[in-house]
Each structure stands twice: as C-alpha cells, then as structure tokens.
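Colleague: from the sequence below, what's the structure:
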Amino acid sequence: MQLYYQYQKHFASWSSGKREKGIPDYLELLSSLFTKLGYLITTPYYLRKAEAGPGVVCQGKPSLLVQGRLKIGSNVRIWSTIQQTRLSVFRGAELTIGKGTYINGARITAKHHVIIGTHCTIAPEVLIMDSDFHDMHDQSKEGISQAVIIEDHVWIATRATILKGITIGAHAVVAAGAVVTKDVPPYTVVAGNPARIIKQLN
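Modeller: As a prediction, the model looks like this:
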C-alpha cells in the first residue's frame, strides 16, 4: 500500500509539471524504461523504408523521403528534439550512415551518394547536399551531383553547410556556420565562409 501511495504522489507531481524531491530511484527507472520502450516501438515504423541495423533509435519523428537506398548502421541515434531531422534519398541515390553516429535536427539530401562514417556527430540545422539540383544557366535542367564523403569521428557543428563533391577527413571538426566548399583534411578544424583551416588537431 505504501508503494501505491508513493506512485500516486509521483504521478501527480509529473502531471502538474513539478518533480518532487526524493522520488524513489525505481520510479525514475520505470519512467526511463517506458520511454525507451516507446522508442523501440516507434523507430522501426519511422525507418520502415530504410535498411537499419540493430540498436538504431529515433527520438521524435524524422522526415524521410526514401526513393533510393537508405542504409543506417548499428546504434545510430536520429534525434528530432531541437528541430526535425530530414533525410531525403532520391531515386537511384544512396545515403549511408555509419554505426554509432548521432544526428539531431540536420538536413541531409542525396541525389547521388552521401556517405557518413562511424561515430560522427551532426548538429541541428546542418545542411548536407550532394547536388546543385539545377543548372546554373538553365534551371529546367538538373544540376551536377557529386558524392559527399564524411569520414569517421567527424563533428559538424550547428548551421554548417557541406556542398557537393566534398570529402571531410577523419576526426575533423567543422565549426558552426561554416560553408565547406573544398575538401577538409583529417584532424583539422575549419571555420568561416568559405571554410578555411584554423587549427590542427593532435
């Protein structure tokens, strides 16, 4: 009976938006388990058109356009908590996301091929595109598409833009707001518009 009253008190505090001090650990654990169970139920539905490995979790509903091939490695996290993550893969294109990568609120579009390596971090409002989508002189024609390759352990900070044909080397960092128009060597930090190397990493 005491357990029942503790649960009722805990539920009431959550319903009112106030968390009382001294909430038992088992209730916190129970809440966490229910939350994770919800992710396990909704993620396969959200990613039903993708080839997703084990342990992939969506928190919030991403926006997906999958006409080509979307491959997601194990233990990838696709968050839409700050803003909605948008993944677009057009017909004949491929988007590959390596294991352990974390994406929150980015927009990634593949007309040809976008490869994201393992254990990368891609922040909100990042834009990654492998195509111009229209010709510079004749907008009725499709633009040039070139693969984008992001190697392992890359961190791309908020509002960075990665354009077509770019390779970002392993362990590189792309600073917030950077516009990347040429390849980024491994173990470097780039910033600015257009992005330039500002630091070497050990």
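Colleague: for residue 91, see how far away the most centrally placed residue in the chain is.
Modeller: A centroid search over the chain (Cα atoms, centre = their mean) returns residue 103, at 1.7 Å, as the residue closest to the centre. Distance, residue 103 to residue 91, by Cβ to Cβ, to the nearest Å: 23 Å. No exception for glycine: its C-beta is placed from N, CA and C like everyone else's.
Colleague: re earlier: is the residue nearest to the centre of the chain part of a helix or strand, or is it coil?
Modeller: What DSSP: H, G, I helix; E, B strand; the rest coil gives for residue 103 is strand.
Colleague: measure how buried the nearest residue to it once chain neighbours are set aside is and give me the count.
Modeller: Excluding its sequence neighbours, the residue lying closest to residue 103 (Cβ to Cβ, 6 or more residues apart in numbering) is residue 122, at 4.6 Å. Here the number of neighbours of residue 122 (other Cβ atoms under 10 Å) works out to 27.
Colleague: now do the phi/psi pair for the nearest residue to residue 162 once chain neighbours are set aside.
Modeller: In space, residue 162 comes closest to residue 128 once its chain neighbours are excluded; the distance is 4.4 Å by Cβ to Cβ, 6+ apart. Torsion angles at residue 128 (phi, psi; degrees, to the nearest 10) stand at phi -130, psi 120.
Colleague: right, and residue 128 touches residue 108 too?
Modeller: Yes: proximity of residue 128 to residue 108 meets the contact threshold set by Cβ atoms under 8 Å, at 4.5 Å.
Colleague: could you name every residue contacting both of the two?
Modeller: 114, 122 (Cβ atoms under 8 Å, 6 or more residues apart in numbering).
Colleague: domain-wise, how is the protein divided?
Modeller: Domain assignment of the chain by automatic domain parsing yields the ranges 1-16+24-38, 52-170.
Colleague: pLDDT wise, what is residue 173 at?
Modeller: Looking at residue 173, its pLDDT stands at 98.
Colleague: who's in contact with it?
Modeller: 154, 155, 157, 188, 189, 190, 201.
Colleague: can you do 7 Å?
Modeller: Residues in contact with residue 173 (Cβ atoms under 7 Å, 6 or more residues apart in numbering) are 155, 189.
Colleague: quick one: it from residue 154, how far?
Modeller: Where residue 154 is concerned, residue 173 sits at a distance of 7 Å (Cβ to Cβ).
Colleague: then residue 183?
Modeller: For residue 183 relative to residue 154 (Cβ to Cβ), the value is 12 Å.
Colleague: same check, this time on residue 71
Modeller: 18 Å.
Colleague: so between the two, which is more surrounded?
Modeller: residue 154 (24 against 15).
Colleague: so that one sits against residue 168, correct?
Modeller: Yes: the criterion here is Cβ atoms under 7 Å, and residue 154 meets it with residue 168 at 5.3 Å.
Colleague: joint contacts of the two?
Modeller: In contact with both residue 154 and residue 168: no residue, using Cβ under 7 Å, 6+ apart.
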